[in-house]
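In: 3D model of this:
(2 chains)
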Amino acid sequence: MSGNDTVEVAAATPEFPQPFAELGLTADEYGKIRRILGRRPTAAELALYSVMWSEHASYKSSKVHLRQLAPDERQSRNLLAGIGANAGVVDIGQGYAVTFKIESHNHPSFVEPHQGAATGVGGIVRDILAMGARPVAVMDALRFGPADAHDTARVLPGVVSGISFYGNCLGLPNIGGELAFDPCYSGNPLVNALCVGVMRHTDLKAAVAAGPGNKVVLFGSRTGPDGVGGASVLASATFGEAGPGGSAGGDGRAAKRPSVQVGDPFMEKLLVECCLELYAEGLIEGIQDLGAAGIACATTELSAGGDGGMLVNLDDVPLRDPNLTPAEILMSESQERMMAVVTPANVQPFMRICAKWDVEATVIGEVTGDGTLTMTWRGGTVVQIPPRTAAEGPVYRRPMARPADLDALRTAGPGGLERPKDGPALRGTLLALLGSPDLADKSWVTAQYDRYVRGNTVLAMPEDAGLVRIDEQTQLGIALATDGNGRYCRLDPYQGTQLALSEAYRNVAMTGARPAAVTNCLNFGSPENPEVMWQLAEAVRGLADGCAALGIPVTGGNVSLYNQTGNSAIYPTPVIGVLGVHDDVRRRVAAGFAVDGARVVLLGTTREEFGGSAWAHVVHRHLGGRPPAPDFAAERKLAALIGSAAAAGLLASAHDLSDGGLGIALAESCLRGGRGCTVGLREDPFTELFSESAARAVVSVQPGREDEFAALCAEHGVPATVLGATGGDSLRVHGGFEVPLTELSRVWEGTLPGLFG
Amino acid sequence: MRIGVVTFPGSLDDIDAARAVRYAGADPVPLWHADAGLRGVDAVILPGGFSYGDYLRCGAIARFSPVMAALVPAARAGLPVLGICNGFQILCEAHLLPGALTRNAGLRFITRDVLLTVANPGTAWTAAYAEGQQLLVPLKSGEGAYAADQATLDELEASGQVVVRYAGAAPNGAARGIAGICNEAGNVVGLMPHPEHAIDPLTGPSADGLGFFASIVKAFAGTGARG
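Out: Numbers count the residues shown, from 1 in each chain, chains lettered A, B, ... in the order given. The predicted structure follows:
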C-alpha cells in the first residue's frame, strides 16, 4: 500500500492482502477483527490488534485459569477497595499502601542480554509508578543454562550488567532475588524483575480516560523504531531452532534484534520524579505507563477503562524518526514514556512541571464521549475501533494433557541413589552442594547492584528476604522475597508452585515480618503444547489453593509463555513473590549466627524427602520422584512463632531451610555471622542434613532467653529440636565431621568468580 | 547550621545526604541545579548519583549548571564543600580538586563495604576523626578509581591533601589507594565511598560515616554561628 491506509481506503479495498500471520495473528483472529470492524482493518488497526491480542498483552491462553486467583473476601481484607485482581494495592497500616509486581523480560534478555534486562527493570518500575506509588526497591529472579556453558558466559554477565546499569542509575536499591542454573534454560533464560512502591492511601491512581474534553498527554522519551512488535513477534512466539532471528517476518525485518528496546535510566529517573510531583499537585485524572504494545496499549486501555472514547492525532506524537508509519508509531516499545489524562485547566501547570524536569510532554488527543478510539494521521482516519474489543482480546481454552513422561519420572525416585555413609562422605557432600552454582555465594552478581541508595535498606541479599524501612518515625517496613523451583514443578507443578509460595512466605517471615500478599510470574513453554497447558493449569490451581490456605491474596502477576526453543520447553517455573509487613524494622532478624554460645534450634519436622532436591541434582544429576510435601498449616505456625519471637527479642538469628536442607542452612548461618557452631544429629544424619522438607527453619536463641523461646514454640505448636550451640571457627557435626570456616568460605565464594572472572 | 544539598537531574543520594545532615544536628537545605543562588547556606554537599545521566563523562555536564556558577567562587573563598561519589567527580571536573575518577579496574560496578583509613583529620569535614582511624563505609560506583599524574599525586601526599585511603588494596584500582582528597585550604573535600550510608547500623554497615557531618557541625559551632 503506497498511500495512507485510511478507514475509507480499507472499506473500499476489502481484498487487499494483509500480513496478519507475520504480525502473530491467526487466520481466525484476523477474521474476527474483520467481523468486529465490518471491513478489513487498516494497517494501523491491524498492528494495534496484533499487539493487543498477543499472548504477552492479552493473556488469551492463561486467562481462563487465572480467574482462580481472584482473592476471596477473607484474603482481600487488606486490599484497598475498587482494585481488581491484577493490580492490587495492599494496605499496610498507618495510612500507607504498597503495590508490587514481578514481570518477565525473558526473550529480550536472551537476544540482547544487557538492554533486555535493563528495560525489564524500567518497565516494571513504570508499572508501579503508574499506580501512583513511589518505587522504593527492586529485585531480580534470574535463571540461566548450565553455569559452565559457553552461552551462559554471554548471557549472564550481560543481564547482570543491564540490571546494574539501569537500576543503579535509576536510584533504586536492589534488595534480593534469585540466581539458578539448569540446562532447561539454555536457549531461554528467565529474567524476572520485581518492583515495589509505596504511597499514601489517598494517592491511588487509575488507568482510565474519563471526562470528555480532557486532554491526552504523552510525556517522556520520544517514540522511535525500537521494540516494534516486541510484545507480539518477540515475547509471544517460540524461538526457532536457529535461535532468534531465524523465523518468519515477511517485511524485511526478519531478525528480531531490533525488537529489543533500548533503555535510558536517566530519563526514567526524571520521569519518576516528574510523575510524583504531578501526583502531589493533583494534576492527573488518569495515567498509564507505556510498556509492551506502546501507544496501542495505552490508548486502548485508557479508553476502554474510562467512559469509552478517545481521539488521537498521531501527527502530534514526538518522533525520533520522522519516517515511522502509523502502525510503527502504535507498536513501538520505546522506553521511558507515560500517558496521562489531564483536564484542560491543568494542562498548563502539567507542562510547567514537565519542563522543570526536562521531560518532553505533548497533547496528542482528547477524551470523547462517542465510545470509539479514533486516530488520525496526515489528514486521514487510520484507526476507528471500539476500544474494548482490542483491550479484552480473545479467550482460549487450549487443550491440556498430563505430560506423557510424568509417571515414569515420578516412579524413578531418588531412593536408589547412593548416599554418603560416613563422616568424610557427608562432609564431601556438604562441600559439593555449597560450592554448586545454585547454592554458592552470589556476590559476583549482587556486588554490581546498589543496595544502599535511599538509605532505607535494612536487609538485602544474601538474607532470606529484603527488608525496607517505610517510615523513619514509626519504623514500619516491608519485607520481600521471591522463590521458584523448576525441578519441583517439573515433577509436580501443583505442589511445586505451592513449595515456591511456601518458601517465599517463610523467607519473609524469617525477618520477623507478617506475610501479607503474593505476586507471581508464571514462566512456561508454549501454550500450544497441551502438556505445557496442563502444567500451567496445575500451577495456577496450586497457587490459588495455597494462597487460600495461607489466607493471603494474589495482588498481581504476569504470565510469560513460549519459553522454549524449538520443541524443548523450560521446566514449568512459576516465580512467586511474597510481601510482608514489619511493624518495627529495628526488631529484624538476620540469618547469620550473631553471638557466641547461642542455642541452635531446628524448627519443624524433617522427613525423608529428596525428590527434586539439590543433593539429587548436584551429586547424581538426577531428577525424579515427588517433591517434598507442602504443609501450609505448619508454615503458618512457623511464621507466627518467628514473628512473636522476633518481637520479643528472643532470636539472635533465623534462617529458612530450603535447597540443600539443614546442612546448607547451617553453613550459611556460620558464613554470614563469621562464627561456627557445633551440632549433634541423631539416627540418620544424611536425611537430617540434606532433606528438603518444607516448613522448617534453623534459629539461634539469645543467650538467657532459651526457656521463653521453648515455651513459645510449644504455644505455637512448632516442633523444636535443640541441635547445639554457636561458637568456634568451624562447623562441627558431633561424631560426623568438621569444616573450618575458612574452608567453607573458600568453597562457597570461589565458584562464581571462577566461572565468570 | 544550614547545609545545602544540591539536586541535579539524576542525583540519587541527595535524600541520604540530607538525612545525614539531620542526624548530625544541622538543617539540610535543598538546592536546585538550575538556581544560581546558594540560599545563604553555611556549607554544601554535592551528593552521589548520575547527574545528567553521566552523559559525556561523569560530572562533566553538572559542572556547567547554574548552581555550580555560584558554588565554585564560594568554595574558592572558603565555603566548606563535600562531594560524595558523583559529587567528587563534579568537584574534579570543576577543578576545585585535582585529578579525575576513571573506570574501576575490572570494569564492573562495585558495591562493597570498604575499610577506610583517615589520613588527614585536619579538614573541615574530618576533624571529628583521629589520624589512622579506620571507618567502615559503603563504596558503590562504576567509575571510582582516582587517577592523577605522578607529580600531582606526590604533591597531594606531601601537602597532606589525601584525606582517606582504602585500607588494603583499593577495590577499584585507585592510584596510591586514594579514596578521598581535599584542596589546599582543606575546605573542599571529595571522596568516592559514601559516609552518608554509614550513619546508622540499622541501614548501613556502621555509623562510622557520621563523623564527616559531625565535623562540619562542630567546626561551625566553634567559629560562632553566622546564620
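In: count of residues packed around the residue of the stretch 651-757 of chain A found nearest chain B?
Out: Taking Cβ to the nearest Cβ, chain B has its nearest neighbour within the stretch 651-757 of chain A at A:Gly757, 8.3 Å off. For glycine as for every other residue, the C-beta is placed from the backbone atoms N, C-alpha and C. Using other Cβ atoms under 10 Å in any protein chain shown, the number of residues around A:Gly757 comes to 10.
In: and what of A:Gly211?
Out: Count around A:Gly211 with other Cβ under 10 Å applied: 18.
In: find the nearest non-adjacent residue to it, please.
Out: The spatially closest residue to A:Gly211, leaving aside those adjacent along the chain, is A:Val367, at 5.8 Å (Cβ to Cβ, 6 or more residues apart in numbering or on different chains).
In: so what pLDDT did the residue in chain A positioned nearest to chain B get?
Out: For chain A and chain B, the shortest gap (Cβ to the nearest Cβ) falls at A:Phe266, measuring 2.9 Å. Looking at A:Phe266, its pLDDT reads 94.
In: regarding it, what is its secondary structure?
Out: Under DSSP: H, G, I helix; E, B strand; the rest coil, the three-state class of A:Phe266 is helix.
In: how many neighbours does whatever residue of chain B ends up closest to chain A have?
Out: Relative to chain A, the nearest point of chain B is B:Gly53 (2.9 Å; Cβ to the nearest Cβ). Each residue near B:Gly53 was counted by other Cβ under 10 Å, and the total is 18.
In: quick one, grab the pLDDT at it.
Out: With respect to pLDDT, B:Gly53 has a value of 86.
In: does it touch A:Gly263 like I think?
Out: No: the pair B:Gly53 and A:Gly263 fails to qualify as a contact (Cβ atoms under 8 Å) at a distance of 11.3 Å.
In: so what's the residue count around residue 122?
Out: Defaulting to chain A. For A:Gly122, the count of nearby residues is 27 (other Cβ under 10 Å).
In: actually chain B
Out: 13.
In: distance-wise, check it relative to B:Gly78.
Out: According to Cβ to Cβ, to the nearest Å, B:Gly122 stands 15 Å off from B:Gly78.
In: what of A:Ile570?
Out: Distance, A:Ile570 to B:Gly78, by Cβ to Cβ: 63 Å.
In: higher neighbour count, the two?
Out: The neighbour comparison of A:Ile570 against B:Gly78 (other Cβ under 10 Å) goes to A:Ile570, with 26 against 12.
In: so what's that one up against?
Out: Residues near A:Ile570 by Cβ atoms under 8 Å, 6 or more residues apart in numbering or on different chains: A:184-185, A:188, A:190, A:486, A:523-525, A:563-564.
In: dump those into a markdown table; add distance to chain B and pLDDT as well.
Out: Shown next, in a markdown table, are these (distance: Cβ to the nearest Cβ, whole Å; pLDDT from 0 to 100):
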| residue | distance to chain B | pLDDT |
| --- | --- | --- |
| A:Cys184 | 28 | 96 |
| A:Tyr185 | 23 | 97 |
| A:Asn188 | 26 | 94 |
| A:Leu190 | 22 | 98 |
| A:Gly486 | 28 | 97 |
| A:Asn523 | 27 | 98 |
| A:Phe524 | 33 | 97 |
| A:Gly525 | 33 | 96 |
| A:Asn563 | 28 | 95 |
| A:Gln564 | 32 | 92 |
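In: now these: which count as buried?
Out: Taking 16 or more other Cβ atoms under 10 Å in any protein chain shown as the criterion, what is buried in these is A:184-185, A:188, A:190, A:486, A:523-525, A:563-564.
In: is any part of the top helix by length along chain B close to chain A?
Out: Assignment by DSSP state H gives helix B:210-223 as the longest helix of chain B. No: Helix B:210-223 does not reach chain A (Cβ under 8 Å from any Cβ of the partner chain); its nearest approach is 12.7 Å.
In: in that helix, what's buried?
Out: For helix B:210-223, the neighbour count (16+ other Cβ under 10 Å) marks B:210-220 as buried.
In: show me the contacts for the residue positioned nearest the centre of chain A.
Out: What sits nearest the mean C-alpha location of chain A, by Cα atoms, centre = their mean, is A:Ile102, with 2.7 Å. Contact analysis of A:Ile102 by Cβ under 8 Å, 6+ apart lists A:124, A:139, A:141, A:192-194, A:482, A:519-521, A:557-558, A:575, A:577.
In: in JSON lines: the residues you listed, plus distance to chain B and secondary structure.
Out: Below are these laid out as JSON lines (distance: Cβ to the nearest Cβ, whole Å; DSSP: H, G, I helix; E, B strand; the rest coil):
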{"residue": "A:Ile124", "distance to chain B": "18", "secondary structure": "helix"}
{"residue": "A:Met139", "distance to chain B": "15", "secondary structure": "strand"}
{"residue": "A:Ala141", "distance to chain B": "19", "secondary structure": "strand"}
{"residue": "A:Asn192", "distance to chain B": "21", "secondary structure": "strand"}
{"residue": "A:Ala193", "distance to chain B": "17", "secondary structure": "strand"}
{"residue": "A:Leu194", "distance to chain B": "19", "secondary structure": "strand"}
{"residue": "A:Thr482", "distance to chain B": "20", "secondary structure": "strand"}
{"residue": "A:Thr519", "distance to chain B": "25", "secondary structure": "strand"}
{"residue": "A:Asn520", "distance to chain B": "28", "secondary structure": "strand"}
{"residue": "A:Cys521", "distance to chain B": "25", "secondary structure": "strand"}
{"residue": "A:Gly557", "distance to chain B": "29", "secondary structure": "strand"}
{"residue": "A:Asn558", "distance to chain B": "27", "secondary structure": "strand"}
{"residue": "A:Val575", "distance to chain B": "24", "secondary structure": "strand"}
{"residue": "A:Gly577", "distance to chain B": "22", "secondary structure": "strand"}
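In: is the residue nearest to A:Gly211 in a bridge, and if so with what?
Out: Beta-bridge pairing for A:Val367 (DSSP bridges): A:Met310.
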